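Colleague: What follows is a predicted structure for the sequence shown.
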Number of protein chains: 2
Amino acid sequence: MISTKFAIPDIIFGSGSISHLAECAKRVGAKRVFFVSDRGVEESGWVDLVRGILQVNNLDCVYFNDVNSNPRDEQVHRGAKYYLEEGCDVIIALGGGSPMDTAKGIGIIAGNGGEIRDYEGANRIMRPLPPMILIPSTAGSSSDISQFCIITDMEREVKMSIISRSLVPNMSIIDPQLLVTQSRSLILAAGIDALAHAIESYLSKLASPFTEVQALRAIELIVHNLRPAAEERDLKALEQMSIASTAAGMSFSNAGLGSLHALAHSLGGICDVLHGWVHPVLLPSVMRYNLPACVEKMGDIGRIISGSRMCSTKEAAVLGIDSLERMFADFGIDTKMRNLVPSKDTLEKICVTATHDACHLTNPRSATWEELMSICEEAW
Amino acid sequence: MISTKFAIPDIIFGSGSISHLAECAKRVGAKRVFFVSDRGVEESGWVDLVRGILQVNNLDCVYFNDVNSNPRDEQVHRGAKYYLEEGCDVIIALGGGSPMDTAKGIGIIAGNGGEIRDYEGANRIMRPLPPMILIPSTAGSSSDISQFCIITDMEREVKMSIISRSLVPNMSIIDPQLLVTQSRSLILAAGIDALAHAIESYLSKLASPFTEVQALRAIELIVHNLRPAAEERDLKALEQMSIASTAAGMSFSNAGLGSLHALAHSLGGICDVLHGWVHPVLLPSVMRYNLPACVEKMGDIGRIISGSRMCSTKEAAVLGIDSLERMFADFGIDTKMRNLVPSKDTLEKICVTATHDACHLTNPRSATWEELMSICEEAW
């Protein structure tokens, strides 16, 4: 095996783990915290809870909530300016991928200067970031675990993938209780994002034994727990979804993703759709395209998803894709590309842009923009 | 689930990964490295290789090899004095558990002062250690992954367990090529230590989903690869043993161990035996003692070890213990307690001391020193 790297943050996991926040913040030197969240999380009450924890522990708190669902370069720049003006030290983010990625972007600029687009791609960050503690409120993005930060360059309409070891926070505090205030729709979108992380990273060209074991575990947990988590908000199932999302994060952060995420980023930059809703549309088509390059691994995935052991590897692989399509249909999720993008004319731009995304490089089967077009057309 | 913590170092894994050493050392601020190894590793040639890597990269190197197979408090104190006198920065260790634990001990004293016995137990280290990069030359101790450091207090004849998040090094560089110069006997002793880490941590009271997945994976890999690794020094099998040992390290570092390790530490402090050779003697008896407290989990382990799926959980658990005994016998390993300790009179001291070891606290079934005596007598 060629050399492979594996890095994750320190993790505190479990119901009530958010109560350790102040002690963790102090350990990394917090006196004046820069706290990033968004309006959706404010409504749930968790923002007030965190502010309360900081206050009773004598930590100053500068609050920032200028965050879109696809966070923007200008928001990152405003946040970094605010962080520096206010003389903050530790950055804490609470939320889904959007507040966490915004916080990472703010950390990049606060520590390195320049504009966020200077850091697009892999390993472009040279100086350290402020200490960072991330608290996910969804079981999906795993930005709290990962080396990834996705920010939209508004001028170019591109969701930039920024990938660096420096983007792994000091600490991830994962409290499954935070998930109970999520809507069915958000639990589904996040859970399917975690599933896509697990599947793409398992098939990635950079997968290693350290990432593969996490990816397969994540797929198994999601297949068994997504329904009770989304439909009944069952706390046990939500906890399992948190574990799954964390495992998927350990995997994709170190193995990378694939063309599905390249397309999802590109599409999100141009059409501003919610990230998680792209996967049900494109995942099966991307898997069918990748199948010839990784039959064995797709068979492993298929056996877990379909629960069927008594068939050939190739049959299991196909059965896995079919089972995914059935699962999306059973949830009543829209799986038509035509409902995501304004017109077929946009597809070319989406596919050309996707070929420049760092995630595209680790897809198990190489693909031209024309081949990505055929994938999108299959899902039209 | 109550809150659980999970922390591991950054890992670089793979054949040839040792070539990244200088770049890693520089990233954590190295100019004058304190390099710890031992005479056994010197003979293999790897010590010269590391010194060469440091030299060609313009890094000063102060070398320390005053290391026993059960490293001693006085060695740690001499090392820390030497580190400080020489004005070193980063600590690098190359070897099995002994040089790595010595390096950790030196780091504790260099960063915190006092004597090493001041830090015995869990979470007693208050100030940071120098940056540390560990390079294992065995697939067993996983000191390069873990929060553990085991040092013998010569006066009290006690192998002290020191456990702290600060003992996780900045980086672990795991190069399976280093294993090819190991003897059959060392590969076996290390591999069985890794197996004991996996089994004890899977059954530990502090096991979590993040540690359990690693423990089971480690057991599976060891069962399949220990024989070809030890008997044929097969590079593929040695690589799998490295992966297994790393996975077992991720598990026990975060979940803790059990009474087997408590006894092995106590026995090693009093009789100075090689750590890995205690497990074949006591593991089956400790497992039989623990069985009533964790039948389900012992069943999981038994199914993996025996390869048998068509039996009840209880039967699988027992079959697993029997299979382990057969495996040790097939390797021709001594499994009699009477050949490890000078006389039966020593047993009481060994068992009383073991009840004070931090590892004893996480054993799935509590045990008095008298109950530990009956375990040792079963293995006599």
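Modeller: Looks like it arrived, so ask away.

Colleague: How many residues are close by the closest residue to chain B within the stretch 51-200 of chain A?
Modeller: Using Cβ to the nearest Cβ, the closest approach of the stretch 51-200 of chain A to chain B is made by residue A:165 at 7.4 Å. Backbone N, C-alpha and C define where each C-beta goes, glycine included. Residues within reach of residue A:165, counting by other Cβ atoms under 10 Å in any protein chain shown, total 14.

Colleague: Tell me which residue is most central in chain A.
Modeller: For chain A, residue A:141 is the residue whose C-alpha lies nearest the centre (Cα atoms, centre = their mean; 2.6 Å).

Colleague: got a list of what that one touches?
Modeller: A:96, A:97, A:100, A:101, A:190, A:193, A:245, A:275 (Cβ atoms under 8 Å, 6 or more residues apart in numbering or on different chains).

Colleague: can we see that at 6 Å?
Modeller: A:96, A:97 (Cβ atoms under 6 Å, 6 or more residues apart in numbering or on different chains).

Colleague: Next up, phi/psi of it, please.
Modeller: Backbone torsions for residue A:141, taken as degrees, to the nearest 10, come to phi -70, psi -40.

Colleague: can you check the one 3 residues further on too?
Modeller: Its backbone dihedrals place residue A:144 at phi -70, psi -20, with angles given as degrees, to the nearest 10.

Colleague: Does anything pack onto the longest helix along chain A? Which helices or strands?
Modeller: Ranked by number of residues, the top helix in chain A under DSSP state H is helix A:209-232. In terms of contacts (3 or more Cβ pairs under 6 Å, 6 or more residues apart in numbering or on different chains; DSSP states H and E), helix A:209-232 is packed against helix A:184-203, helix A:235-255, helix A:295-306.

Colleague: which residues in the stretch 51-200 of chain A form strands?
Modeller: A:60-64, A:91-95, A:121-122, A:132-136, A:148-153, A:158-163, A:171-174 (DSSP state E, counting those that start in this stretch).

Colleague: Run the chain-centre distance for the fourth one.
Modeller: Right, the one you point to is strand A:132-136. Between the centre of strand A:132-136 and the centre of its chain there are 13 Å (Cα atoms, centre = their mean, to the nearest Å).

Colleague: Could you do the last one as well?
Modeller: On the basis of Cα atoms, centre = their mean, strand A:171-174 is displaced by 15 Å from the centre of the chain it belongs to.

Colleague: and what of the fifth one?
Modeller: Between the mean C-alpha location of strand A:148-153 and the chain-wide mean there is a distance of 11 Å, by Cα atoms, centre = their mean.

Colleague: Also the first one?
Modeller: Averaging C-alpha coordinates over strand A:60-64 and over its chain gives two centres that are 25 Å apart (Cα atoms, centre = their mean).

Colleague: go on, the third one?
Modeller: In terms of Cα atoms, centre = their mean, the centre of strand A:121-122 is set 16 Å apart from its chain centre.

Colleague: quick revisit: could you dump the helices and strands packed on helix A:209-232 into CSV and include mean pLDDT, mean neighbour count and distance to residue A:131?
Modeller: Shown next, in CSV, are the helices and strands packed on helix A:209-232 (pLDDT from 0 to 100; neighbours: other Cβ atoms under 10 Å in any protein chain shown; distance: least, Cβ to Cβ, whole Å):
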stretch, mean pLDDT, mean neighbour count, distance to residue A:131
helix A:184-203, 97, 26, 25
helix A:235-255, 97, 27, 19
helix A:295-306, 97, 21, 37
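
Colleague: Need those helices in TSV (columns: distance to residue A:48).
Modeller: Output for the helices and strands packed on helix A:209-232, formatted as TSV (distance: least, Cβ to Cβ, whole Å):
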stretch	distance to residue A:48
helix A:184-203	20
helix A:235-255	21
helix A:295-306	40
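
Colleague: between these, which one is nearest to residue A:372?
Modeller: Across these, residue A:372 has its closest neighbour in helix A:184-203 (14.4 Å, Cβ to Cβ).

Colleague: what packs against that closest one?
Modeller: Helix A:184-203 packs on helix A:209-232, helix A:235-255, helix A:279-290, going by 3+ Cβ pairs under 6 Å, 6+ apart.

Colleague: Kindly recompute the last result at 7 Å.
Modeller: Secondary-structure packing of helix A:184-203 (3 or more Cβ pairs under 7 Å, 6 or more residues apart in numbering or on different chains; DSSP states H and E): helix A:209-232, helix A:235-255, helix A:259-271, helix A:279-290, helix A:295-306.

Colleague: of these, which approaches residue A:16 most closely?
Modeller: Checked against Cβ to Cβ, the stretch from the helices and strands packed on helix A:184-203 lying closest is helix A:235-255, at 11.7 Å.

Colleague: Put the alpha carbons of the closest one into PDB.
Modeller: What follows is helix A:235-255, C-alpha atoms only, in PDB (Å, rounded to 0.1, in the frame of the first residue of the first chain):
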ATOM      1  CA  LEU A 235     -33.700   9.100  19.900                       C
ATOM      2  CA  LYS A 236     -31.900   5.800  19.700                       C
ATOM      3  CA  ALA A 237     -32.100   5.900  15.900                       C
ATOM      4  CA  LEU A 238     -30.900   9.600  15.900                       C
ATOM      5  CA  GLU A 239     -28.000   8.600  18.000                       C
ATOM      6  CA  GLN A 240     -27.100   5.800  15.600                       C
ATOM      7  CA  MET A 241     -27.400   8.400  12.700                       C
ATOM      8  CA  SER A 242     -24.900  10.600  14.600                       C
ATOM      9  CA  ILE A 243     -22.500   7.700  14.900                       C
ATOM     10  CA  ALA A 244     -23.000   6.900  11.200                       C
ATOM     11  CA  SER A 245     -22.400  10.500  10.100                       C
ATOM     12  CA  THR A 246     -19.300  10.700  12.200                       C
ATOM     13  CA  ALA A 247     -17.900   7.400  10.800                       C
ATOM     14  CA  ALA A 248     -18.700   8.700   7.300                       C
ATOM     15  CA  GLY A 249     -16.900  11.900   8.100                       C
ATOM     16  CA  MET A 250     -13.800  10.000   9.300                       C
ATOM     17  CA  SER A 251     -13.900   8.200   6.000                       C
ATOM     18  CA  PHE A 252     -14.500  11.000   3.400                       C
ATOM     19  CA  SER A 253     -12.200  13.500   5.200                       C
ATOM     20  CA  ASN A 254      -9.300  11.100   4.700                       C
ATOM     21  CA  ALA A 255     -10.300   9.300   1.500                       C
END
